[in-house]
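Visitor: Turn this into a model:
(one chain, ligands or ions: 1)
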Amino acid sequence: MRRIGVLTSGGDAPGMNAAIRAIVRSGIVHGLEVIGIEYGFQGLMQGQVRPLTAQSVSGIINRGGTILHTARSEEFMTPEGQQRCAATIERHSLDGLIIIGGNGSYQGALLLNQTCGVRVIGVPGTIDNDIPGTDYTIGFDTAVNTALDAIDRIRDTADSHGRIFVIEVMGRHDGQIALEVAIAGGAEAVLIPEFRTDMLQLCEKIRGWQTRGKKSCIIIVAEGAASGADVATTITQITGIQTRLTVLGHIQRGGAPTARDRVMATQFGEYAVRLLKDGQSNWMVSLDGSTVTHRPLEMVRQGRRMVEADRLTVVNITAT
Ligand code: F6P
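Guide: So this is what the prediction gives:
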């Protein structure tokens, strides 16, 4: 093992830069050359690569986004796309590849391993925290705290006017972000894709809260559960109470990573290099409780990471 590549793929996540830094610096310590691939698998197909040195990753641990840029590439999944990637890997003599990204990126990595035999290691990087086999993905904590800051601000104005606010958060098909911010933000209710919400029952609760003089009402909606706009309209239709909507959107993906994301990213990155150095392939670095370990990349094919039903109960009980 002499030269390895690193790329970021799919949606960017705060902390990806910290992972790149850790990979480059520990790679160098292990006597490896580290090549950065720009724009994810798209860049791998197009041969957009550059060497990374200890200096080139200096001053990035605190920066959001990814210095390597990222992309979502469908062409990459085609046989022709795979062949183009294999050609870049061969041209630059890459012995291994570290992919920082989410579920979709790992499917691509496994395919690439089959196509050209390059060793692949995944580092979980997505704000969604939705990868099966790991308790944490880089970017989740920052996204949650960014959303929470916005929710706290909305609570101020909601309290002042005695209003109902529906706040839509990201998370793709999963409710991890929604549930976390709902608990931390003291939301009155949360809608997540993993569990069905009875809108009539929710509206009944809202009416009850209003009658009892509750000042404001924050309803968190995971984008994968419903559109926030539809939820707001339904609440207004059923209760007759005007409802305001805020869609937080991509603001949740930006900003300086929190301490937790920097620490996790650094530990994950360093661990990924050790796996490659040991000649390993087809693993994802993973957090099991508080231990950094590894799990088969294949686990991404086993469906989704479930939310704990108990946490939804916590929101409901503490909202009364
Ligand atoms: O996977 C990260 C994520 O931010 C999801 O929460 C969201 O559904 C999606 O990416 C948005 O993707 P895009 O930036 O391509 O619109």
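Visitor: For the stretch 1-150 of the chain, what lies in contact range of the ligand?
Guide: Within the stretch 1-150 of the chain, the positions adjacent to the ligand are 11, 72, 102, 126-128 by CB under 6 Å from any ligand atom. Glycine gets a C-beta too; all of them are placed from N, C-alpha and C.
Visitor: quick check, nearest of these to residue 118?
Guide: Residue 118 lies nearest to residue 102 out of these, by CB to CB, at 19.8 Å.
Visitor: any idea how far that closest one lies from residue 224?
Guide: To residue 224, residue 102 is 14 Å away according to CB to CB, to the nearest Å.
Visitor: quick one: which of these two has more around it?
Guide: Set residue 102 next to residue 224 and count neighbours by other CB atoms under 10 Å: residue 102 wins out with 26 against 20.
Visitor: starting at the chain centroid, how far to the longest helix along the chain?
Guide: The residue-count maximum for a helix in the chain (DSSP state H) belongs to helix 140-161. Its chain's C-alpha centre and that of helix 140-161 lie 19 Å apart, by CA atoms, centre = their mean, to the nearest Å.
Visitor: now swap in stretch 205-219 and tell me
Guide: Once both centres are worked out by CA atoms, centre = their mean, stretch 205-219 turns out to sit 32 Å from its chain's centre.
Visitor: what does that stretch rub up against?
Guide: Here stretch 205-219 makes contact (CB atoms under 8 Å, 6 or more residues apart in numbering) with 151, 154-155, 158-159, 161-167, 185-191, 202, 231, 235, 239, 241.
Visitor: Show me the residues you listed that map onto helices.
Guide: Those of the contacts of stretch 205-219 lying in helices (DSSP H): 151, 154-155, 158-159, 161, 202, 231, 235, 239.
Visitor: between those, which is nearest residue 268?
Guide: Lowest distance from residue 268 to these (CB to CB) belongs to residue 151, with 27.9 Å.
Visitor: which one of the ones in helices among the contacts of stretch 205-219 is nearest residue 279?
Guide: Once CB to CB is applied, the member of the ones in helices among the contacts of stretch 205-219 that ends up nearest residue 279 is residue 151, at 46.4 Å.
Visitor: pretty sure that closest one contacts residue 167?
Guide: Yes: using CB atoms under 8 Å, residue 151 makes contact with residue 167 at a distance of 6.0 Å.
Visitor: Now list whatever residues contact both of the two.
Guide: With CB under 8 Å, 6+ apart, residue 151 and residue 167 have common neighbours 187, 218, 220.
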